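Colleague: I would like the atomic coordinates for the input below:
(2 chains)
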Amino acid sequence: MPTEAELRATLKEIGDLKAALDEHAIVAITDPQGRISYVNDKFCAISKYRRDELLGQDHRIINSGYHPKEFIRELWATIGRGRVWHGELKNRAKDGTFYWVDTTIVPFLNDDGRPRQYVAIRADITERKAAEETILRLNSELEQRVRERTAQLELTNRELEAFSYSVSHDLRAPLRAIDGFSQAVLEDFGPLLPEEGQRQLQTIRYSSQRMGALIDDLLTFARLNRQDLSKRPIDTARVVRETLAELGFPWADRQIEVRVGPLTPSLGDPVLIRQVWVNLISNAVKYTRRRAVAEIEIGETVVDGQLVYFIRDNGVGFDMRYAGKLFGVFQRLHRIEDYDGTGVGLATVQRIVQRHGGRVWAEAVVDQGATFSFHLGMETRHE
Amino acid sequence: MNEPSVVELLIVEDNPQDLELALRALRQAKLANFIQIARDGAEALDFLLCEGPFADRRLAAAPKVVLLDLKLPKVDGLEVLRRIKGNPRTATIPVVVVTSSKEQRDLVESYQLGVNSYIVKPVNFERFTAAVRDVGLYWLLLNQPPSATE
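Modeller: Down below sits the predicted model:
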């Protein structure tokens, strides 16, 4: 048997623990039926009830009605079986306001294994729950905004699509009529027209055909932005070989020396990257037209750890002062009667390369040639 | 125009300038006989299915080819194509889409619907003439259709 002194010491220790617990936690005790038999000061403070309003009352006095029935049933089933329940509960204070408590309910059993009483220890988490709710609300607002913006973009895209569809159908028809009927006049009434009149009709035809080409190129360029990229490994050497063949290599009417160095495979949209090569190589062919022997060199190099493809020619080049204009849509650095074209080719190249996360640039000397270089944002493996 | 029973070529075209240029090209290629013109999709369907103003026509006397524009009043070209190819009585009639549009989705849908050929009208008149002539020569003279059934 412990001595009285020992009992006092134990009691004192328990009293100290209870005092410390009361400082920290909201504590209540109920009987097996859920009637409140004990509450500490913190319980009274948070529930805004006086102690005498709580003792003997059903614990449901502070229920908020927030939790679904199954949740409450599960709680009672757990402690009824003698197990500890832990969870977060929303309760209602006397004045109707709500508070959240992190709750542990510990059942204490009789010798026959049935619950004798339940001790509930709680901590106020109202502020944390409020913060959580704010985050949830902000998140859902953000998601809503993203959905709205996406819908807007999709609408704009559809409008753009309808616009370019209409342009491709409706704008070309009158041009065809202008060109066709000019030719009809030449065929049917040509002999009646003086030479100057015939020349003027040819100018009308030339202009309408040029506008047709501009419309086509502009539509192709506009489509670049809407098209999805499907990236796959690209056998660069093969693409260059095929592009050269497609462009007429070896040209019967021109003397062009083409040197192709080793080319590392890359990763990109095969259709679009092929377009880049077509545009750059056909430019090289075009702007070396005045050379007795044209030279075109295609190869690769490494700049700052990045694989860079280049294509060099000995053509007319351009003045580096205008290099900034080179890749703009409808920008041309040469007179149309010297070198034809719509001014969309290099803009297309730049747009494709940029969409791959890469960069294109050019260096040139007037009348000595130009070098176009591009990378596709790929780190090189061999260094 | 000619007696409906001997129509070889049905042109479905709403744009009068395109129509005139197409007929001019066909005339130059000596292919301008036996042509029927429909100015919208509904008229084209009436003609092919022998309905409405064409109720007296014999269905067996199908044209050798239909030149079909896509942008048409009332019933658009793709719908006309869908109805021709979806109807067992007209499904074997060759249809060539002749349109301004290079739009990929038009091309894809036309082929999915069973178009026999798809031509983009060039702005350049010589190329336009050549395209119409080649299409006419091929489908009217070279191509061998199955014998008509009713």
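
Colleague: what is the mean pLDDT for stretch A:306-315?
Modeller: In this model, stretch A:306-315 carries a mean pLDDT of 92.

Colleague: ok, residues contacting that stretch?
Modeller: Taking contacts as C-beta atoms under 8 Å, 6 or more residues apart in numbering or on different chains, the residues outside stretch A:306-315 that touch it are A:236, A:263-264, A:266, A:280-281, A:284, A:286-291, A:294-302, A:368-380. For the C-beta atoms, the positions are set from N, CA and C on the backbone; glycine is no exception.

Colleague: Just the buried subset of these, please.
Modeller: In these, burial by neighbour count holds for A:236, A:263, A:266, A:280-281, A:284, A:286-288, A:291, A:294-298, A:300, A:369-376, A:378, A:380, counting by 16 or more other C-beta atoms under 10 Å in any protein chain shown.

Colleague: returning to that earlier point: now, which of the contacts of stretch A:306-315 lie within strands?
Modeller: The strands, defined by DSSP state E, take in A:266, A:294-302, A:369-375 from those.

Colleague: end-to-end on stretch A:250-261?
Modeller: For stretch A:250-261, the separation between the terminal residues is 17 Å (C-alpha to C-alpha, to the nearest Å).

Colleague: Could you list the buried residues of that stretch?
Modeller: With the criterion 16+ other C-beta under 10 Å, stretch A:250-261 contains buried residues A:256, A:258.

Colleague: What residues does the closest residue to B:V65 other than its chain neighbours make contact with?
Modeller: The shortest distance from B:V65 to any residue that is not its chain neighbour, by C-beta to C-beta, 6 or more residues apart in numbering or on different chains, is 3.7 Å, and that residue is B:W139. Under the criterion of C-beta under 8 Å, 6+ apart, the contact list for B:W139 reads B:9, B:64-65, B:94, B:96, B:117.

Colleague: Can you pull the phi and psi angles for B:W139?
Modeller: Listed backbone geometry of B:W139 is phi -80, psi -30, with angles given as degrees, to the nearest 10.

Colleague: On the pLDDT front, check it for me.
Modeller: Reported pLDDT for B:W139: 88.

Colleague: And A:S166, by the same measure?
Modeller: At A:S166 the predicted local distance difference test score is 78.

Colleague: Near chain A, which residues of chain B are found?
Modeller: Proximity of chain B to chain A (C-beta under 8 Å from any C-beta of the partner chain) is limited to residues B:15, B:17-18, B:21, B:24, B:70-71, B:99-103, B:121-126, B:128.

Colleague: out of these, which are buried?
Modeller: Applying the neighbour count, that is 16+ other C-beta under 10 Å, the buried entries in those are B:15, B:18, B:21, B:24, B:70-71, B:99-103, B:121-125, B:128.

Colleague: okay, now the closest residue to B:T92 other than its chain neighbours: neighbour count?
Modeller: Nearest-residue entry for B:T92: B:P146, 5.7 Å, with adjacent residues in sequence omitted and distances by C-beta to C-beta, 6+ apart. For B:P146, the count of nearby residues is 6 (other C-beta atoms under 10 Å in any protein chain shown).

Colleague: Send me the longest strand along chain A as PDB with only the CA atoms.
Modeller: Among the elements of type strand in chain A, defined by DSSP E, the one spanning the most residues is strand A:98-109. What follows is strand A:98-109 as a C-alpha-only set of coordinates in PDB (Å, rounded to 0.1, in the frame of the first residue of the first chain):
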ATOM      1  CA  PHE A  98     -18.900  28.400 -35.500                       C
ATOM      2  CA  TYR A  99     -15.500  27.100 -34.500                       C
ATOM      3  CA  TRP A 100     -13.300  24.300 -35.600                       C
ATOM      4  CA  VAL A 101     -11.600  21.900 -33.100                       C
ATOM      5  CA  ASP A 102      -9.000  19.300 -33.700                       C
ATOM      6  CA  THR A 103     -10.400  16.500 -31.500                       C
ATOM      7  CA  THR A 104      -9.300  13.400 -29.700                       C
ATOM      8  CA  ILE A 105     -12.000  11.400 -27.900                       C
ATOM      9  CA  VAL A 106     -10.700   8.700 -25.500                       C
ATOM     10  CA  PRO A 107     -13.200   6.200 -24.200                       C
ATOM     11  CA  PHE A 108     -12.700   4.700 -20.700                       C
ATOM     12  CA  LEU A 109     -14.200   1.300 -20.200                       C
END
